[in-house]
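> below are the sequence and a predicted model for it; my questions follow.
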Amino acid sequence: MKIKVPMTITFADVAKRQLTGRIVAWEEQGNTSVGPTIFAKDSIKMQGGIKLLLEHDRTRPIGKLIDAKVSDSDIVATFQLAKTFAADDALEEAATGLRDGFSVGAMINEWSNDNGRMRITEAELVEVSLVTDPAIDSARVSEVAASEAEEEKKEDSAPAPADEDKPTEGEQVSDTTAPAPAVEEAVEAAKVEAAAPKPAFYTAPRYEFTKAKYLEASVRAKVLGDDAARQYVLAADDTTSNNAGLIPTRQLTEVINPLSNSVRPALDSISTGVLPDAGMSFEIPKITAVPTAEDENEGDAIVETGMTNSFVTVNVNKYAGGQTFSVELLDRSSPVFFDILVDEMEKAYLKATEVAIIAGLVAGGTDGGNRTLDADGVNAFVADGAVSIYGATLATPSNILVTPAQWGNLMKIDDNGRPIYNSLIGNSNQGGNLNATSVTGNLLGLNLRVSTNLATADTDGDNSLIIINPASYTWYESSRFRLQTNVALNGQIEVAYYGYGALATKVGAGAYRWMIA
């Protein structure tokens, strides 16, 4: 990222063709196009070959850096100007205060937000420009060198420099003063200059940009060659507000979706099976009476007992959703549109089946009686649920399904300030493993899962915790299907996403439901 912050020239030596001034003030706020900006002390690194440009135009170099002095408050730099007409004009403009600002072009490596201000802590100096209006008003021209004639008189008494030291007309002026220690050796300066990217933001001269003024300045610059008008156009072109039509708004392929997901914690808490290949219902044999055995005396007739059974009828239901959209949307939208649509329809299907499973658990489960959510209430609920389920199914429960609200309530329960049902290691009274980073855990030996679809209007009320024996409930499901049809007359496309599922409540008392006091 590159930023340009104008400062102000403090010394213009016409005879020596040199400009001197502060280019950076540490800890002094300047206003850029992105707002207030501050350079931290010693935040700028310098290299050799730094050029002096006109108004940040890389095609208009007029000199180069020959000396830089770094102090606790700022950097003061001296530039040697070339013997060109543009440099002559620049010297005159600087000496008369017409164009008397320095603007630093720096690549920003590290920065932070300091109460709404950009605080730069590491940057590399890329170029310095002579500009019309600086951003920091405190730095202005404080001294102008004597006239060229007076300087020539002073130089007559001094030894004349060797001819080979004099630059020829148009020749790039080499360094005449040894750089300060802060100025590092040049490292392929020309390549750095050529490869430098367009700045991300910078401070342009303070013009009032309007369409009428921009049009007038464009005509004056192109037809009359008016340099001031050209600077106005350059400044206006450097603002995004004047070229909004040339700055496209990109749309990413990622999609934010806080409304649905692909998890089915209720399904994960019961058993699953494969749906039969035909029919809208099927039957599962269920033993209703088992053989018995008794203590029989020798010679006595054995009592005949018969095993009986019945059938549990399981209904098959279709869970489906659809979307209708135009053929133009499909043809002219992003290629990922249809993939995202199908994915969201899949999530809707999963939610519908999860709701159906929860309804079956609630309908078939045992009422656990009125409870209070505290350590004693939770412990009693789990203990009573285990006894109830084992008595009805001859199997122990292994899972508990809870609402998000109850998940939070369980994490809050403590014993004299020590959380009971959490993942803190070393708690002597630890009764579970629950934490805010996972919607699964352990509560008194039961596998806990959090389901947003279990929540009702009263999310910590009745049926907000359900203890489950997985073998007592089985979900049978088919593959999912997608049906797509085109309506030729209006160019609409209809897509249906559906599947078949059936919940078998094998032993209703295999679930134990929380009820509030």
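It's in.
> contacting residues around residue 444?
By Cβ atoms under 8 Å, 6 or more residues apart in numbering, the residues touching residue 444 are 378-379, 382, 421, 431-432. C-betas here are computed from N, CA, C, even on glycine.
> oh, I was asking about residue 513
By Cβ under 8 Å, 6+ apart, the residues touching residue 513 are 361-362, 365-368, 462-463, 465-466.
> again, but for residue 508
363-366, 472.
> kindly report the same for residue 273.
Residues near residue 273 by Cβ under 8 Å, 6+ apart: 474-476, 504.
> sorry, back to before: only whichever of the contacts of residue 508 are buried, select them in PyMOL.
In PyMOL, a selection of the buried entries from the contacts of residue 508 looks like this (16 or more other Cβ atoms under 10 Å):
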select buried, resi 364+365+366+472
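> which stretches of the chain form helices?
Applying DSSP state H to the chain gives helices spanning 85-95, 148-156, 189-195, 211-219, 227-237, 265-268, 327-332, 337-364, 375-393, 404-412.
> pick the most buried one from the ones you listed.
Stretch with highest mean neighbour count among the helices of the chain: helix 265-268 (a mean of 22; mean count of other Cβ atoms under 10 Å).
> contacting residues around that one?
Here helix 265-268 makes contact (Cβ under 8 Å, 6+ apart) with 353-354, 357-358, 361, 399, 401, 439-440, 449-451, 453-454, 475.
> cutoff 10 Å now
Contact with helix 265-268 is made by 350, 353-361, 399, 401-402, 439-440, 447-454, 466, 468, 470, 473, 475, 477, 501, 503, as judged by Cβ atoms under 10 Å, 6 or more residues apart in numbering.
> how far off centre is it?
How far helix 265-268 lies from its chain's middle: 31 Å, per Cα atoms, centre = their mean, to the nearest Å.
> stretch 480-491 now?
Put simply, stretch 480-491 sits 37 Å off its chain's centre (Cα atoms, centre = their mean).
> per-residue pLDDT, the residue sitting furthest away from the middle of the chain?
For the chain, the largest distance from the centre (Cα atoms, centre = their mean) belongs to residue 299, which lies 85.3 Å off. Residue 299 is assigned 84 on the pLDDT scale.
> for the one 10 residues further on, same thing?
In this prediction, residue 309 carries a pLDDT score of 87.
> okay, now it: neighbour count?
Residue 309 is flanked by 10 other residues according to other Cβ atoms under 10 Å.
> and the gap between the nearest residue to residue 414 once chain neighbours are set aside and residue 515?
Ranked by Cβ to Cβ, 6 or more residues apart in numbering and with sequence neighbours excluded, the top spatial neighbour of residue 414 is residue 420, at 6.1 Å. Distance of residue 420 to residue 515, given as Cβ to Cβ, to the nearest Å: 22 Å.
> settle it for me: which of those two has more neighbours?
Higher neighbour count among residue 420 and residue 515: residue 420, with 22 against 15, using other Cβ under 10 Å.
> show the contacting residues for the more buried one.
Contacts of residue 420 (Cβ under 10 Å, 6+ apart): 375, 378-379, 410-414, 427, 429-432, 434, 443-444.
> phi and psi next, for it.
Backbone torsions of residue 420, given as degrees, to the nearest 10, read phi -90, psi -50.
> quick one: pLDDT of residue 113?
81.
> run through the bridge partners of the closest residue to it other than its chain neighbours.
For residue 113, ignoring the flanking residues on the chain, the nearest one in space by Cβ to Cβ, 6+ apart is residue 119 at 7.4 Å. Beta bridges link residue 119 to residue 38, residue 112, judged by DSSP bridges.
> would you confirm that residue 119 contacts residue 27?
Yes. Residue 119 is within contact range of residue 27, at 9.1 Å (criterion: Cβ atoms under 10 Å).
> who has more neighbours out of those two?
It is residue 119, of residue 119 and residue 27, that has more neighbours when counted by other Cβ under 10 Å, with 18 against 13.
> one step back: from the contacts of residue 273, which two are the most distant?
Pairwise distances across the contacts of residue 273 peak at 7.8 Å for 475 and 504 (criterion: Cβ to Cβ).
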